[in-house]
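S.K.: sequence unknown, structure follows:
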């Protein structure tokens with residue numbers, strides 16, 4: 001394996017980690033929505049905090065190795081429109097994910113509503129980034 005293969009592997013691994021942890025967070029939201037949640041409050045907070053950290057780590061790994069790939073590959077430049085859009089969306093999704101974690105950690109009722117809204121924004125941002133990374137419009 002050459003450098004390109006390693007960079008691509010680590011970039012995609014970071015994306016899988018972020019998407020997998022986001023999926024786990026949505027499972028947590030669904031599992032705690034009833035009057036008799038599947039997990040207790042302490043377990044929910046621990047699980048949510050851990051999954052939130054994994055989303056951040058995955059997004060960070062994907063960002064670092066994605067930028068490295070854009071610099072390393074001759075056909076791509078950091079100022080390509082789809083890469084710039086992905087970087088802006090990455091910042092937006094990171095902000096929304098952080099806001100979601102803060103909201104879920106606050107008031108259990110109002111915080112949950114706000115947390116779900118921020119989590120949805122985070123998820124949409126990550127989904128659009130994935131679409132841009134797969135189809136590379138304009139590349």
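M.R.: Everything's here; your move. Note that this is a predicted model, so its numbers are computed, not measured.
S.K.: and the strand or helix carrying residue 129, what other elements does it pack with?
M.R.: Using DSSP states H and E, residue 129 sits in helix 110-135. Here helix 110-135 touches helix 3-31, helix 41-72, helix 81-105, going by 3 or more CB pairs under 8 Å, 6 or more residues apart in numbering; DSSP states H and E. Just so you know, the C-beta spots here come from the backbone N, C-alpha and C atoms, and that holds for glycine as well.
S.K.: Kindly reformat the ones you listed as TSV containing mean pLDDT, distance to residue 133 and mean neighbour count.
M.R.: TSV is the format used below for the helices and strands packed on helix 110-135 (pLDDT from 0 to 100; distance: least, CB to CB, whole Å; neighbours: other CB atoms under 10 Å):
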stretch	mean pLDDT	distance to residue 133	mean neighbour count
helix 3-31	95	7	17
helix 41-72	94	8	17
helix 81-105	95	7	18
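S.K.: I'd like those as JSON lines, with distance to residue 118 appended.
M.R.: Output for those, formatted as JSON lines (distance: least, CB to CB, whole Å):
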{"stretch": "helix 3-31", "distance to residue 118": "11"}
{"stretch": "helix 41-72", "distance to residue 118": "11"}
{"stretch": "helix 81-105", "distance to residue 118": "4"}
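S.K.: closest to residue 111 out of those helices?
M.R.: helix 81-105 (4.7 Å; CB to CB).
S.K.: same for the closest one, what does it pack against?
M.R.: Helix 81-105 packs on helix 41-72, helix 110-135, going by 3+ CB pairs under 8 Å, 6+ apart.
S.K.: how far off helix 3-31 does it point, in degrees?
M.R.: 30 degrees (axes from the mean of the first three to the mean of the last three CA atoms, to 10 degrees).
S.K.: gap between helix 81-105 and the chain center?
M.R.: On the basis of CA atoms, centre = their mean, to the nearest Å, helix 81-105 is displaced by 8 Å from the centre of the chain it belongs to.
S.K.: What are the contacting residues of that helix?
M.R.: 45, 48-49, 52, 55-56, 59, 63, 66, 70, 76-78, 111-112, 114-116, 118-119, 121-122, 125-126, 128-129, 132-133, 136-139 (CB atoms under 8 Å, 6 or more residues apart in numbering).
S.K.: Thank you, goodbye.
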